[in-house]
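[1] Here you go, sequence then predicted model.
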Amino acid sequence: MMDISEHMEVVDANDQHVGIVKSIDGDRIRLVGKDALDPKHPFIDKSQVAAVEHNKVRLAQKVSAITTRAFVSPDRPDKGEPKKPGG
């Protein structure tokens, strides 16, 4: 079992910094907001973790994949943008 704890660095598959673990929330890892790749959605699903080694949480994907896919989980749907008519 992976032992993820607070203050661990989260890196992508290429060892690029993604964030710092703030807490574990069920099946999600919450990152420190100001340090997260996407501060508006500072959660990562545990299913994306490839390994935990040397005080680092290593993800299975590269940063480019993280930023282009819905893999960082929002804590709630975005309600800030009004829907366009017909959309």
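    Great, that's in hand.
[2] And the helices in the chain, which stretches?
    63-68 (DSSP state H).
[3] Below-threshold pLDDT in it: ranges please.
    When residues are selected by pLDDT under 70, those of the chain lie in 1-2, 38, 64-87.
[4] in it, which spans are strands?
    Applying DSSP state E to the chain gives strands spanning 9-11, 17-25, 28-31, 43-45, 49-53, 56-59, 72-73.
[5] surely M8 meets N55?
    Yes: shown here, M8 and N55 form a contact pair, counting by CB atoms under 8 Å, at 5.6 Å. To be clear about C-beta, it is placed using only N, CA and C from the backbone, and glycine gets the same treatment.
[6] Comparing the two, which residue is more hemmed in?
    More crowded of M8 and N55, by other CB atoms under 10 Å: M8, with 17 against 9.
[7] D3 is nearest to which of the strands of the chain?
    The closest of the strands of the chain to D3 is strand 49-53. By CB to CB, the value is 6.1 Å.
[8] Just confirm I4 contacts S23, I think it does.
    No: in this structure, I4 is not within contact of S23 by CB under 8 Å, at 9.9 Å.
[9] Nothing else from me, thank you.
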